[in-house]
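Engineer: build me a structure from this.
(chains A, B and C)
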Amino acid sequence: MATARTTQTAPESVTDEEFGRFCDFIYRRTGLAYGQAKRYFIDRRILDRVEKTGSATVQSYLSLLRFDTTGRELEEVVNSLTVNETYFWREEHQFACLATSILPEVVRRKRPGQPVRIWSLPCSTGEEPYSIAIWLLENWPDVDRYNVEIIASDIDTKVLAAAQNGVYDARSVQKLPKWVLDRYFQRLPDDTWRIVESLRGSIEFTRINASDKAQMAAVSDVDVIFCRNMLIYFDDVSRREAAESMFECLAPGGFVCLGHSESMSRISPLFDVRRFPDAIVYQRPPK
Amino acid sequence: MRQSSAAEPADRASVLAALDGTDPNARRTAARACRAYPDAIDIIARRLAAETDPRVLEVLVLNLVAVGGPAAAAALAPLLRSDDAGRRFAAAEALQDLGPDALPFFDILVRDPDPQVRILAAEIARGHAGGAAAQTLEHLLAEETEVNVCCAFVDVLAEIGTVASAPALRALKARMPDNSFLTFSVDAALAQLPSN
Amino acid sequence: MSDGNVTPIRPAPAKRLLVVDDAALVRAYYRQALEPGGFLVDEAFNGIEGLEKALSGPYDLVVVDVNMPKMDGLTFVHRLREAEEIACLPVLMTSTLNRDRDVAAARAAGVNLYLVKPVSEDDLRLFASIMTGAAER
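Structural biologist: Sure thing, here's the model as predicted:
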């Protein structure tokens, strides 16, 4: 475990008590829940931020974090914790839950010809909406019986453009079995992979700011929203407002999937908790 | 993009009627519509006093926080006395979200004759790290007789306190040495205070 | 020691408790009171997280406070009693309120035992043992 040598000795470890306080603070402010299972990972992040902020001790770094009214250090540390790494079939237990538990319930309420509407928000560079599409094509027995609409939205037009372009590097597709790559991607000369045209064309990409009530109100009758690792970056009120907007976008009985370490317990009382074998998800009550 | 399936905005009279109706879904939808009304605070405050459905409460409270300002804080403050646990905590959380506008009410409520109100009022101070709110709690700790209120103040000071909070915490422990939870809480809070 | 017809005694599996309270200090206090007695303690911050954990159990006992943000203790108990898989979970409710109507409301919701805060370590250990059928140590 190398540490930078400076004129004063940088802290090299995080005590149990400091770890507990850090996790508590992060949980209060962002809803991200961490525990001993990620101890090493989090200790490294804390020590890294201690060094980057020039804090003498972990204790003084924790004070800095607590009393920083700008929120910038919180944002830095959250970024380093969530390691904005997106890739295909990330947290695939939620896709399994979608095919095995969520959609079978959703379609029980559908009239013939009614579409199934799934929303990826934020969609970032597109791995999530394409992952959903591919997973369902491969794993949902009823995928041919229903018209599945996938909407993909993000506030950032650059990542949306990248998503529509559908080109990915080897790191991004590393979890996909070879036959999935062969079926849904074209291999490009520079060792990148492009989603086949028919799949790219089947997803509706739109620019949406989840904090804009009017923009959110334009979306309705959604059956499932994937909202992973977005709300953690919002402040308390914005989170609740975004959750309320999402509630309104859902059809009665519709579902929300949050990121793996996130929970509605820190966000909003609007949803019912549903425990399925593969995941905990949140549901707007069926009327 | 699919257009919203809502019809033309309902007229004010039907919104107000739905707001007091028996269907919580209709009340929730009506509550959403109230946000833009010029007299939103009055309408919402009136409904809040009677509302117990958690989903409707959430929308009502979000509206008040969105409108903001001292009038919103004034509408929320009396709700800390509610018999309904959901309603009183929703009001406490909303006051927390209103930031500086809630502080004058915090100062009054944290001195309320009812200990249950004082306990909830302490919640308002969360998020106001290191400032006047912390000092108020430190000051009040010396005189507070209800052990549950003391413990609530200690729990909040653990989060918002500074090194200046330590003497008040130690004095509390000395004043109530026989309560093991209080002793435990004070020790834990002291350990969490910043060292500088 | 055994004659072949006697079932060997195995140590009973540890009892699992879920503590639901928004105050971190309260959860820490209960944990340090209960763990030495062999209880396994999980924590939740409010009723919503409490439901998430309870549904992911199994637990032998839930200790839940009344005043919590986003979902209070009474609402939590109502939802718990409606959820098939966990409806019969024993519930020990703690509260700063000691009026008859608060206790009545808790009983009506399906709470098994109502204790007024502050709850002493001894009482917590005693009642946790009784309610989970664990011998007190």
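
Engineer: which SS state does residue C:43 fall under?
Structural biologist: Under DSSP: H, G, I helix; E, B strand; the rest coil, residue C:43 falls in the strand class.

Engineer: let me know how buried it is, in neighbour terms.
Structural biologist: 19 (other CB atoms under 10 Å in any protein chain shown). Placement of C-beta: from N, CA and C, glycine included.

Engineer: excluding its backbone neighbours, what's nearest it?
Structural biologist: Excluding its sequence neighbours, the residue lying closest to residue C:43 (CB to CB, 6 or more residues apart in numbering or on different chains) is residue C:27, at 4.7 Å.

Engineer: now do the SS call for that neighbour.
Structural biologist: From three-state DSSP, the assignment for residue C:27 is helix.

Engineer: how close does it get to residue B:76?
Structural biologist: 27 Å (CB to CB, to the nearest Å).

Engineer: the more surrounded of these two?
Structural biologist: Shown here are residue C:27 and residue B:76; by other CB under 10 Å, residue B:76 has more neighbours (27 against 21).

Engineer: what helix or strand is the more buried one located in?
Structural biologist: Counting by DSSP states H and E, the element that carries residue B:76 is helix B:69-76.

Engineer: likewise residue A:226?
Structural biologist: Assigned by DSSP H and E, residue A:226 falls in strand A:222-227.

Engineer: find the nearest non-adjacent residue to whatever residue of chain C ends up closest to chain B, please.
Structural biologist: Ranking the residues of chain C by distance to chain B (CB to the nearest CB) places residue C:72 first, at 3.8 Å. Once flanking residues are discounted, residue C:72 sits nearest to residue B:85: 3.8 Å by CB to CB, 6+ apart.

Engineer: surely the residue nearest to residue C:43 touches residue C:49?
Structural biologist: No. If you go by CB atoms under 8 Å, residue C:27 and residue C:49 don't touch, sitting 11.3 Å apart.

Engineer: and the strands in the stretch 151-287 of chain A, which stretches?
Structural biologist: A:167-168, A:185-187, A:193-195, A:203-207, A:222-227, A:250-258, A:272-275, A:280-283 (DSSP state E, counting those that start in this stretch).

Engineer: name the residues that touch the shortest one?
Structural biologist: In this case it means strand A:167-168. Strand A:167-168 is contacted by residues A:88, A:125, A:127, A:185, A:188, A:192-195 when judged by CB atoms under 8 Å, 6 or more residues apart in numbering or on different chains.

Engineer: just the buried members of the residues you listed?
Structural biologist: The neighbour count (16 or more other CB atoms under 10 Å in any protein chain shown) marks A:88, A:125, A:127, A:185, A:193, A:195 as buried among these.

Engineer: between the residues you listed, which sits nearest chain B?
Structural biologist: Using CB to the nearest CB, these come closest to chain B at residue A:125, 21.0 Å.

Engineer: for residue A:156, see how far away that closest one is.
Structural biologist: From residue A:125 to residue A:156 the distance is 9 Å (CB to CB).

Engineer: could you do residue A:237 as well?
Structural biologist: According to CB to CB, residue A:237 and residue A:156 sit 22 Å apart.

Engineer: the more surrounded of those two?
Structural biologist: residue A:237 (18 against 15).

Engineer: what's the angle from the helix or strand hosting residue B:119 to helix B:69-76?
Structural biologist: Per DSSP H and E, residue B:119 falls inside helix B:115-124. Counting by axes from the mean of the first three to the mean of the last three CA atoms, to 10 degrees, helix B:115-124 lies at 150 degrees to helix B:69-76.

Engineer: for residue A:106, which non-adjacent residue is spatially closest?
Structural biologist: residue A:223 (4.7 Å).

Engineer: what about the one you found, neighbour count?
Structural biologist: 24.

Engineer: so it touches residue A:117, yeah?
Structural biologist: Yes. Checked against CB under 8 Å, the pair residue A:223 and residue A:117 is within contact range at 5.1 Å.

Engineer: spit out the contact partners of residue 39.
Structural biologist: Using chain A. Listed by CB under 8 Å, 6+ apart, the contact set of residue A:39 reads residue A:19.

Engineer: was after chain C, sorry
Structural biologist: Counting by CB under 8 Å, 6+ apart, the residues that residue C:39 touches are C:14-17, C:128, C:132, C:134.
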